[in-house]
Structure formats: C-alpha cells, structure tokens
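Asker: can you look at this prediction? I've put the sequence above it.
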Amino acid sequence: MILQPDLETLPHHRLRALQADRLGEIVRFAYERVPLYTRRFEEMGVKPDDISGLEDLAGLPFTRKSDLRDTYPFGMFAVPMSEVVRIHASTGTTGHPTVVGYTRDDLEVFATVCARALAAAGATPGMILHNAYGYGLFTGGLGFHAGGERLGLAVLPVSGGSTSRQVDLMLDFRPEVLACTPSYALTLAEELARRGVPPQEVPVRFAVLGAEPWTESMRKEIDGLLGARATNCYGLSEIVGPGVAFECAEARCGSHVAEDHFLAEVVDPDTGAVLPDGEMGVLVVTTLSKRALPLLRYWTGDVTSLSREPCACGRTFAKMSAVRGRTDDMLIVRGVNVYPTQIEGVLGTLAELTPNYRLVVTRPGTLDELRVEVELTEMLFRSVAAEMLSEDELDAHHALAGLREALTQAIKSAVGVTAKVRFLAPGTAPRSQGGKLARVVDERRLD
Ligand SMILES: [Zn+2]
C-alpha cells in the first residue's frame, strides 16, 4: 500500500522541481538562523542565493557529526526552544551525544515517513503493531509509535527487553506487524522456537527492521523463523530517526529514500566528489523540510549506492542499496577494509551455523588477528557434544575440522583476510535486548 501516492509516485521532473524549491528555502533558513552555517557560507564566500538549483548543492561543505558535538547541546537548533516540542539524543561511545530537536511540523514529517515505511512493508489500517524498538532518547520507539498511529494501526508500545513477556503478549494479542532491530527479531524468533511455536503459528506477517546493517542471509533466516516478510527501514537520528528510507514489500531490494523530505547524494569517501548512481560511496543527506535542526549535506558515514531504476511498487523515489556498514564500523585488519556485514553474509551461506556471531580483533604481536566466533546450530552441537565438553574442547573437536576449513576459506575469498574461527555452543553469543547490538570487539585499542 502506498500511503501518499501523490508524493511517493511523483514523476521525476516534478520531484526534482519540488526538491529544488525546498532546497532554496532550507539553505536560506539555515544560513540565517544557524551561526555555524552563517560562518561556513561567509568563509566560502557563498550566499544563499548562489544555491538556486540542485546542481549547486555540491558547492556546499559537508556537515559532520563533529559539528553537532562541537555545538552541544543546542548550538545548531534553528528555532527558539519555545518552538521545539521534542528532543532526542544518541548515545555517543566517545564524547558528547548528538542532540536532535523537532518542531511540531518536524514531528509530523517524522510520523509520516514512518507511516509510509509501515505501509510499504505491508501493514494496513486495523492491524496490530508490536513495536519492540527502544522507547526513550533513541528515536526508534517513538518514531514507529507515531508512524503506526498515523497509519491507523493499533500500536503496542512494548519497547525492548523482557523477551519472554514480549512473546507472551505476541501469542495473546496476535500482532500482524513487528517493528524492531533485525538482531532483536532473531532473539524473539529464538524464544518462540524454544517454546515450540512453529513459524506458521507466529502471528507476525510483516516485520519492519532497521537501526543496524543486516544481510540477505539474515533476512532469509528471519523470514523462515517468523513465517513473515521482513523489510528494511533506514534512518539515523541526526536526520529524523527511522523512515529516511524504506523497502517496499513488492521488491524488497533497496530502500526508497523519502526524497520529498531528504535529498540524498553518494560521495567518494576520500575526495568527497559526488558519485554517479550505482557506485558505492558515503551517503550524504540534506534535510529539505525540517525546521528545528536543518542539516545541509550531512555526512552519514553509511556506505551505500543509489539507483533510479523503475520499481515494481510504482514509487519514483530513488533506492539506496543495503548499507554495507558505516565508515566508522569498518575494521582495518592488516590493511584490509572489513565490514561486519561481509562476514555475516559468509556465515549465512553455511547451514551448520546460526546468525549469532562476534568479531574480535587483537594484536598479539605486531600483526592484527581477526577472530570470528560463531554459534553452531542446535542439531550439529548435539551430534558433536554427546558428552559434556568445555568451550575449548568443543572448539577443537575433530568433527568440526571440515567446517572450520570451509568457513576460513569462504571468509578469505570474500573479505581477503585469513581469520581464526572459534565455534561456540548455541545460545552463548551476545543477544540483542532490543537496542543496537555490538558485534565487534576491538581489543587493539586497549593497549
Ligand atoms: Zn519499490
């Protein structure tokens, strides 16, 4: 279902005209109201009137996360606090969190793009939405909450955590729609399986998953375990939260960017030059309608590509490919760039392994070492561990030698790095409790 067909299927030339109008307006607004933009424009000798079309955008500098941190907490807000009705903040691992403000109109945009995402995934008015995104400073919970209400769903605000209770509610209330992170969808699926609920008896039909990068193999796993169709929803709090881009149920191949509100570019990570459609680079987003925190050419750090091929669903919004990772999640192991999703993709090709894994990078001597720790399936584990085995005995078991060889080879050919493999018993890798799951431990930074 298309929530706003008049906008979501706008012919390209009319969409570009709408974007150009809004861009001119937002550039002037940001220049007049945000001291950082006033200064940047003056340093560059650029006036808002110089940005008269989309092709002039490339002349503007990027806005980076560090700009938000440097002006912490409210230095980039473009409206007085009397016009701000909501504040969200992302938890930073280093330094200040990034703080995002919303006017009443901004919240309407936020709810609308989340409602579009739910509708595109297959949700229709009257369905129940089990919303297991975290509620609080994180944008996921409240974003899908408002989006669900906007679409006409009955929203169940369960938030993250208390998995057993969530599954009780799921079996009693029978929600057709689930919204959460992909890793938490797996946690819920495992609990359902542990209780012996077969996929065809799980009520969920549509799962709208996001807030962390995931792979096609993980999608297959989730589809199978829940008996549902999982679609991706992309977003980041600095731009608005979830809903910046979303997959349609028809194609499930790339996420449509809500281009009437967010102007997307893909740029070369080293030179910053705009790349043509189809080429991988860093996603850069300009907000076209937000007022409390307008951002010009925001450097998301997410690595993706754009496509403007016609889509089966009829939407004309450009599609971004599945995010390969953030430039700041990328690991450099012995000089090779490694994204966790590449490893995840390899694990998904081996039926003996579950999608639960952890990557550990160490530097025992002078060379980096990448260790891939992955859980065995229950069936393989039982056939190997007939007797009680310690973790080390399990990992070293002769029956796993062939699997170890196959996995090491597959990682080497996909990623270009020889990794050490460690096999874990089912249920021992870290699980998502609803928030983002940290799958990478970089112990090199500890020395
Ligand atoms: Zn589509």
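Answerer: Thanks, I have it.
Asker: toward the C-terminus, what is the element adjacent to the helix-or-strand element of the chain with minimal mean pLDDT?
Answerer: Every helix and strand of the chain was ranked by mean pLDDT, DSSP states H and E. The lowest is strand 325-326, at a mean of 75. Remark: after strand 325-326, the chain's next helix or strand is strand 331-333, criterion DSSP states H and E.
Asker: flag every residue of the chain that's near the ion.
Answerer: By C-beta under 5 Å from the ion, the part of the chain that sits against the ion consists of C248, A251, C311, C313, R315. Glycine gets a C-beta too; all of them are placed from N, C-alpha and C.
Asker: need those in a markdown table (columns: neighbour count and secondary structure).
Answerer: Listed next are those as a markdown table, based on neighbours: other C-beta atoms under 10 Å; DSSP: H, G, I helix; E, B strand; the rest coil:
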| residue | neighbour count | secondary structure |
| --- | --- | --- |
| C248 | 27 | coil |
| A251 | 16 | coil |
| C311 | 20 | coil |
| C313 | 19 | coil |
| R315 | 25 | coil |
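Asker: and the two most separated of these?
Answerer: Greatest spatial distance among those (C-beta to C-beta): A251 and R315, at 9.3 Å.
Asker: which residues of the stretch 1-150 of the chain fall in strands?
Answerer: 84-90, 98-103, 128-131 (DSSP state E, counting those that start in this stretch).
Asker: distance check, the residue located most distally from the centre of the chain against D21.
Answerer: The centre of the chain is farthest from one residue, E387, which by C-alpha atoms, centre = their mean lies 41.1 Å away. Distance, E387 to D21, using C-beta to C-beta, to the nearest Å: 71 Å.
Asker: just to revisit the earlier point, and which of the residues of the chain next to the ion is nearest to T341?
Answerer: Using C-beta to C-beta, the shortest approach to T341 within the residues of the chain next to the ion belongs to A251, at 20.0 Å.
Asker: from the middle of its chain, how far away would the longest strand seen in the chain be?
Answerer: Longest strand of the chain, by residue count under DSSP state E: strand 353-362. Relative to the centre of its chain, strand 353-362 is centred 19 Å away, using C-alpha atoms, centre = their mean, to the nearest Å.
Asker: please apply the same query to stretch 199-219.
Answerer: Distance of stretch 199-219 from its chain centroid, counting by C-alpha atoms, centre = their mean, is 13 Å.
Asker: flag every buried residue along that stretch.
Answerer: Residues of stretch 199-219 classed as buried: 202-215, 217-219 (neighbour count, 16 or more other C-beta atoms under 10 Å).
Asker: can you tell me which of those are in strands?
Answerer: F206, A207, V208, L209, G210.
Asker: surely the second one is in contact with A230?
Answerer: Yes - the pair A207 / A230 is scored as a contact, 4.2 Å apart, by C-beta atoms under 8 Å.
Asker: overlap in contacts, these two.
Answerer: Listed as contacting both A207 and A230 by C-beta atoms under 8 Å, 6 or more residues apart in numbering are A185, I222.
Asker: which residues are in contact with whichever residue of the stretch 151-300 of the chain sits closest to the ion?
Answerer: Relative to the ion, the nearest point of the stretch 151-300 of the chain is C248 (3.3 Å; C-beta to the ion). Going by C-beta under 8 Å, 6+ apart, C248 touches A120, A121, T231, H256, C311, A312, C313, R315.
Asker: closest one of those to P80?
Answerer: Taking C-beta to C-beta as the measure, P80 lies nearest H256 of those, at 34.2 Å.
Asker: could you check how far that closest one is from E55?
Answerer: Counting by C-beta to C-beta - H256 and E55 are separated by 23 Å.
Asker: ok, the two, which is more surrounded?
Answerer: The neighbour count for H256 versus E55, taken as other C-beta atoms under 10 Å, is higher for H256 (23 against 10).
Asker: please identify the pairing partners of the helix or strand hosting that one and their relative orientation?
Answerer: Here H256, judged by DSSP H and E, is contained in strand 255-257. Neighbouring strands of strand 255-257 in its sheet, by DSSP bridges, are strand 241-246 (antiparallel), strand 319-320 (antiparallel).
Asker: including mean pLDDT, could those go into CSV?
Answerer: Shown next, in CSV, are the strands paired with strand 255-257 (pLDDT from 0 to 100):
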stretch, mean pLDDT
strand 241-246, 98
strand 319-320, 98
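Asker: which helices and strands does the longest strand of the chain pack with?
Answerer: Here strand 353-362 touches helix 216-226, strand 331-333, helix 340-347, strand 369-376, strand 440-442, going by 3 or more C-beta pairs under 8 Å, 6 or more residues apart in numbering; DSSP states H and E.
Asker: so who does L331 touch?
Answerer: Per C-beta under 8 Å, 6+ apart, neighbours of L331: N337, V338, Y339, P340, L359, V361, L370, V440, D442.
Asker: now the buried members of those residues.
Answerer: The buried subset of the contacts of L331 (16+ other C-beta under 10 Å) comprises N337, V338, Y339, P340, L359, V361, L370.
Asker: tell me the bridge partners for the second one.
Answerer: Each beta-bridge partner of V338 is listed here: L331, as defined by DSSP bridges.
Asker: hmm, I332 and it touching each other?
Answerer: Yes - assessed by C-beta under 8 Å, V338 is found in contact with I332 at 7.4 Å.
Asker: this completes my enquiry, with thanks.
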